[in-house]
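Visitor: Sequence first, predicted coordinates after that:
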Amino acid sequence: MAAEQSQFSKLSKKQLVFICEKLVDEDFPIGNPYDSDFDSAFNILQEVSKYFDISATHEDVEFFAKLLQINDDLIADLFANNKEEMKNRELFEQLVIPVAKSYNLNYSSWGSCSFTNYMVQEFDSYDEEWVKDSAQQQNSDGNWNMWEGSERRDTEYENFEESDYSFGDVYEVNENKPQNESVLGRLVVENTRDVVKSLDKKTLLELRRIIDSKLRLL
């Protein structure tokens with residue numbers, strides 16, 4: 001799905017320049033609007049947009065900040081030559097309209113909480129009463145880990161308290177590739193190398209069997 005564009009992008013270039021002139025007079029940011037007072041920029045645009053019976057949004061602030069940035073010199077020429085109709089027509093045609101794109105943002109948050117995992121794991125054993133002891137022994141030996149099982153119901157979280165968060169990579173959404181496939185690929189690359197290094201031979205062989213089986217279906 002294509003990125004949603006600013007409602008102002010439907011206006012004529014002449015109307016956009018008119019708005020830009022009003023914004024510049026009010027010290028509207030040119031470039032990244034988040035480097036300045038974003039709320040102030042929003043209020044400025046909201047007032048100007050009343051001329052066109054439009055209610056400004058978050059995306060509209062970005063639209064005009066980018067429009068002013070990429071057409072900085074051109075808009076200055078338009079302001080300076082506002083009486084030269086023929087020259088202005090040529091300049092209007094050169095105005096570049098910014099286009100929004102869709103991006104994925106990787107981010108992490110962390111904190112403390114109490115949780116309960118409800119898992120199930122298949123074990124081979126010669127006696128039902130030995131299964132728990134076998135699982136305990138394999139967990140101690142590193143031949144099996146608790147997270148290797150399958151979820152039998154959703155994890156329950158209690159007393160969650162977020163400590164902090166951080167933003168990671170930003171990358172453009174590939175419209176020609178399913179989003180879940182792209183995200184899965186990045187998760188595999190970013191999170192599994194260290195996990196694979198810690199696996200024993202038996203688990204690695206089982207993992208390879210699963211991967212080979214999946215590849216045969218593609």
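Guide: It's in. Numbers count the residues shown, from 1 in each chain.
Visitor: how does the protein divide into domains?
Guide: 7-94, 177-218 (automatic domain parsing).
Visitor: buried set for stretch 167-174?
Guide: Val173 (16 or more other Cβ atoms under 10 Å). (C-beta placed from N, C-alpha, C; glycine too.)
Visitor: picking that back up, can you tell me which of the domains of the chain the model trusts least?
Guide: Mean pLDDT is lowest for domain 177-218 out of these, coming in at a mean of 65.
Visitor: about what we covered before: I'd like the domains of the chain as a markdown table, with mean neighbour count and distance to Glu128 appended.
Guide: Formatted as a markdown table, the domains of the chain follow (neighbours: other Cβ atoms under 10 Å; distance: least, Cβ to Cβ, whole Å):
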| stretch | mean neighbour count | distance to Glu128 |
| --- | --- | --- |
| domain 7-94 | 16 | 60 |
| domain 177-218 | 10 | 22 |
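Visitor: Now distance to Asp154 too, for those domains, in JSON lines please.
Guide: Output for the domains of the chain, formatted as JSON lines (distance: least, Cβ to Cβ, whole Å):
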{"stretch": "domain 7-94", "distance to Asp154": "33"}
{"stretch": "domain 177-218", "distance to Asp154": "19"}
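Visitor: Quick one: closest of those to Ser102.
Guide: For Ser102, the closest of these is domain 177-218, at 9.2 Å, according to Cβ to Cβ.
Visitor: Can you give me the distance of the residue nearest to Ser198 when sequence neighbours are not counted to Asp200?
Guide: Leaving aside its chain neighbours, Ser198 sits nearest to Gly142 (7.9 Å; criterion: Cβ to Cβ, 6 or more residues apart in numbering). For Gly142, the distance to Asp200 (Cβ to Cβ, to the nearest Å) stands at 6 Å.
Visitor: on that earlier part again, based on its surroundings, how many neighbours for the residue nearest to Ser198?
Guide: Residues contacting Gly142 under the criterion other Cβ atoms under 10 Å number 11.
Visitor: And the pLDDT at it?
Guide: 86.
Visitor: all strands of this protein, in order?
Guide: With DSSP state E as the definition, the chain shows strands at residue ranges 103-120, 150-172.
Visitor: got TSV for the ones you listed, with distance to Ala65 and mean pLDDT too?
Guide: Formatted as TSV, these follow (distance: least, Cβ to Cβ, whole Å; pLDDT from 0 to 100):
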stretch	distance to Ala65	mean pLDDT
strand 103-120	17	88
strand 150-172	18	88
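Visitor: Format those strands as a markdown table; extra columns: distance to Leu91.
Guide: Output for these, formatted as a markdown table (distance: least, Cβ to Cβ, whole Å):
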| stretch | distance to Leu91 |
| --- | --- |
| strand 103-120 | 31 |
| strand 150-172 | 31 |
